[in-house]
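J.: just to be clear, the model below is a prediction. Sequence and coordinates:
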Amino acid sequence: MKNKFIVLLSLFALASCSTRNEIVYFQGAEQLENMKGAAEFEPVFEINDIIHIKVTSLNPEVVQPFQMQTGGQSSGSGGGGGGRQNSSLMGYLVDIDGNIQFPVLGKIKVAGKSRSELETFLTDRIHAYVKDAVVAVRLLNFRVIVLGEAGSQTIVDVENERMSVPELFGSVGGITYDGIRNNILIIREVDGVKSIGRIDMTKADVFKSPYYYLRQNDIVYVEPTYRKVKSAGFITSYTGLISLATTIFGIIVLITR
């Protein structure tokens, strides 16, 4: 009877244990040797984005008409702290048609353009008025939503306009031991159309995924493991059912021997 009890405990232990392949990140990383990264990655502007645009010149007065007016002071002003604060917080909202209203130039289509493309476009247009004008564009509302079994479920603001999936998990404290690392869900919306991607953080192939670099307003969801689901009193995954069937089979074998 004692031996049967030990076998039964072993079956339960095997059913609940995690393997190395389920836990370790970037397995097979050797294949990444000399692989070039996407250094040119840039976000593409979308509807409802907020864009900060600053126009500068050797003569600040000649570019004043191209600055956004914020509470009586232009965002490009070189004045006191209030002007600088408005410069970092205020921007142009991309409307439902993908346009912004820009001073002097009027309605401009920005949806579908990258930051460098919009900078080049505006610079060419403004040079018709100011030959030495320099245009700097920045996306203000780049954020990613993290849900599920991550270190902390939160909204992450991306200041440098570029974030990869590993960087995201690094910023929120990683994936918990109750999170499935090889089937991370990413929900993305482009031009009003949602798409679904899956990321496997246990494989080095993650660096080649089109979802490796995140886009603004992406939703990243880490599913719970069977152990976490089981603790809530539910069995919803095939691995959980297999584990349960294995345990029941072991009990039946012990009883009928």
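T.: Nice, I can see it.
J.: tell me the SS of the residue nearest to residue 201 when sequence neighbours are not counted?
T.: Closest residue in space to residue 201, ignoring its immediate chain neighbours: residue 181 at 4.5 Å, by C-beta to C-beta, 6 or more residues apart in numbering. From N, CA and C alone the C-beta is placed, and that goes for glycine too. Using DSSP: H, G, I helix; E, B strand; the rest coil, the structure places residue 181 in coil.
J.: do the one 5 residues further on as well
T.: With three-state DSSP as the basis, residue 186 sits in strand.
J.: isn't it right up against residue 222?
T.: No - if you go by C-beta atoms under 8 Å, residue 186 and residue 222 don't touch, sitting 10.5 Å apart.
J.: and the two? which has more neighbours close in?
T.: Legend: neighbour count by other C-beta atoms under 10 Å for residue 186 and residue 222, higher for residue 222 (26 against 21).
J.: contact partners for the more buried one?
T.: By C-beta atoms under 8 Å, 6 or more residues apart in numbering, the contact set of residue 222 is 146-150, 175-176, 179-181, 184-185.
J.: so which of those residues is the closest to residue 201?
T.: residue 181 (4.5 Å; C-beta to C-beta).
J.: so where is the stretch 151-257 of the chain shaky, pLDDT-wise?
T.: For the stretch 151-257 of the chain, the stretches with pLDDT under 70 are 232-241, 243-244, 253-255, 257.
J.: which SS class is residue 156?
T.: strand.
J.: and it, bridged to which residues?
T.: Beta bridges link residue 156 to residue 144 when assigned by DSSP bridges.
J.: that one touches residue 172, doesn't it?
T.: Yes - with contact defined as C-beta under 8 Å, residue 156 reaches residue 172; the gap is 6.7 Å.
J.: circling back to that earlier point, look up how far residue 24 lies from the residue nearest to residue 201.
T.: Per C-beta to C-beta, to the nearest Å, residue 181 is found 9 Å from residue 24.
J.: next one: residue 114
T.: 35 Å.
J.: hey, what's in contact with both of residue 156 and residue 172?
T.: If you check residue 156 and residue 172 against C-beta under 8 Å, 6+ apart, the residues they both contact are residue 146.
J.: apart from its neighbours in sequence, what residue is nearest residue 105?
T.: Nearest non-adjacent residue to residue 105, counting by C-beta to C-beta, 6+ apart: residue 125, 5.6 Å away.
J.: having no further points to raise, I will conclude here.
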